[in-house]
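S.K.: Can you look at this prediction? I've put the sequence above it.
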Amino acid sequence: MAFTANDLAQVRFAISPMWEVAPSFRLLMANTRHPVHLPWAEQVRPRVLAAGLDRGWLAELIGPSGYVPDFLTPAPAGPAPAPADEWDAILASPAEQVRQDLDHLARHQGHLGTRLSGLRADPVSRLAKVAREIETYWELALAPYWARIRAVLEADIFHRARTVAEHGTGRLFNDLHATVSWNDNVLGLVRRKRDMPRESSGAGLLLIPSAFTGPGVRTQVRPPDPPQIAYPARTVGALWEKRPATGVAALTGVLGRSRTLLLTELETPASTTELAHRTGLSPAGVSQYLTALRNAGMVSAHRAGRFVLYARTAAAETVLAAASA
C-alpha cells in the first residue's frame, strides 16, 4: 500500500469498542483455554450463554474464523468514540454496503441462514436488532472490564506516539507487528490475501490497538473511509493479572475500611450478593457503600440479566495506583 505525504499527515490512532466486540465474541464462542484471556472468558461465558447470545445475530455474523462483515467495525469518528456512537454508526450503514458484506460472508460460509437472509432483505429495520444485541453483549462481556482494557489501549497509543516523536513514522510501522513493514513509502502486510490499493480507499490510515485481536493483525478497506489496521496492543499479556492491593491502609484513612475493602474486591466485577459473601459485609451495607462509591465516580454499574455487576472505574484505578505508590 503506497503512501503519499498527505496520507502520512492523516495517520491517526483510535480506540474502538467494536474492534473489541467482534474478536472477543469469537474467542468466547471458540470455548478454548486462551492463554491470556482465560480468566475473563471463565467469568463472562456463563453470562453470555445464559443470555442466549450463542444463538443470536452475533453468532451468525461472527463465525469461528474468517471474514467478519465490515459494517460491524465502522471507522471510529474520533480518537475514542463511546460505544453508543459506534452502535449509531452501524445503524447508519448504507443498505447496499450491508448487502455486499453479507454476500461476501455467504461466499465464505457457503450460505446465509434465515436470520441473515432477512437482514439482507431489509437492512434498515433489522440492523436495529443487531445493534441491540451488540449492546447486550457489551454490557455483559466488556463494559464491566472497560476501564482496565482501555488503560492498556491508551498506554499502547502513548508508546506509539512517543516512537513517532523520537524516531519517525517509519519506526512506528516497523515496530507495530512482525507482519507489518515500511519501506520506500510503501506499507507492506505479510499474508494479507488481498491488496490494499490506495486508489480504492480514503486518505490516511487508522491504527487501532486491540486487546482481543491477535496474534495477527486485522485490516479493513471500506471507501470512503481510510484503511483500518487493528493490531494487538502491547502488554495485553498482563491484562488480567491480579494486582497486589498495596497501599490499602493509607486509602482506608480516606475512604473508610468498608469502601476500601469493596474497591479492592472489585479487582473482578461482581454483584452485591457476591461482594457480601466475599467481604462478610451485609448485602444492605454493600449496597449503601457501592452507591456512595458510584456517586463519587469510582464504581460503575452494568446490568447482566437479573443481576447488576459493579466494576471499578478508571478514576478508582488511578486512586488505587496512587495509594500503592
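M.R.: Done, it's in.
S.K.: List the residues that contact Trp40.
M.R.: Tyr145, Leu239, Trp240 (C-beta atoms under 8 Å, 6 or more residues apart in numbering). C-beta: built from backbone N, CA, C; applies to glycine.
S.K.: again with Ala9
M.R.: Gly204.
S.K.: And Ser287, by the same measure?
M.R.: Ser287 neighbours (C-beta under 8 Å, 6+ apart): Thr272.
S.K.: returning to what we had before: can you list the contacts of Trp40 in TSV and add secondary structure, neighbour count and distance to Ala250?
M.R.: Below are those laid out as TSV (DSSP: H, G, I helix; E, B strand; the rest coil; neighbours: other C-beta atoms under 10 Å; distance: C-beta to C-beta, whole Å):
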residue	secondary structure	neighbour count	distance to Ala250
Tyr145	helix	23	26
Leu239	coil	18	26
Trp240	coil	19	26
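S.K.: Now do stretch 140-148: distance to the chain's middle.
M.R.: 9 Å (C-alpha atoms, centre = their mean, to the nearest Å).
S.K.: So which residues make contact with it?
M.R.: Under C-beta under 8 Å, 6+ apart, the answer for stretch 140-148 is 17, 20-21, 24-25, 28, 40, 44, 47-48, 51, 53, 83, 149, 239, 269, 300, 302, 304-305, 309-314, 316-317.
S.K.: Now the buried members of those residues.
M.R.: 17, 20-21, 24-25, 28, 40, 44, 47-48, 51, 53, 83, 149, 239, 269, 300, 302, 304, 309-314, 316-317 (16 or more other C-beta atoms under 10 Å).
S.K.: Which of those fall in helices?
M.R.: Using DSSP state H, the members of those that fall in helices are 20-21, 24-25, 28, 40, 44, 47-48, 83, 149, 314, 316-317.
S.K.: what two of those residues are the furthest from one another?
M.R.: Phe25 and Ala316 (27.0 Å; C-beta to C-beta).
S.K.: Val36 is in what secondary structure piece?
M.R.: In this structure, Val36 sits in neither a helix nor a strand according to DSSP states H and E.
S.K.: which non-adjacent residue is nearest it?
M.R.: Gly237 (5.5 Å; C-beta to C-beta, 6 or more residues apart in numbering).
S.K.: hang on, the one you found packs against Leu38?
M.R.: No: checked against C-beta atoms under 8 Å, the pair Gly237 and Leu38 is beyond contact range at 12.0 Å.
S.K.: Reformat the ones in helices among the buried ones among the contacts of stretch 140-148 as TSV; add pLDDT.
M.R.: TSV is the format used below for these (pLDDT from 0 to 100):
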residue	pLDDT
Glu20	97
Val21	97
Ser24	97
Phe25	97
Leu28	95
Trp40	95
Val44	94
Arg47	91
Val48	94
Pro83	95
Ile149	95
Ala314	89
Ala316	91
Glu317	87
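S.K.: Out of the residues you listed, which comes closest to Ala284?
M.R.: Ala316 (22.1 Å).
S.K.: Now do the contacts for that closest one.
M.R.: Counted by C-beta under 8 Å, 6+ apart, Ala316 has contacts Ala147, Leu263, Leu266, Leu293, Met298, Val299.
S.K.: Tell me where the stretch 101-250 of the chain has helices.
M.R.: 114-121, 123-137, 146-167, 169-176, 248-255 (DSSP state H, counting those that start in this stretch).
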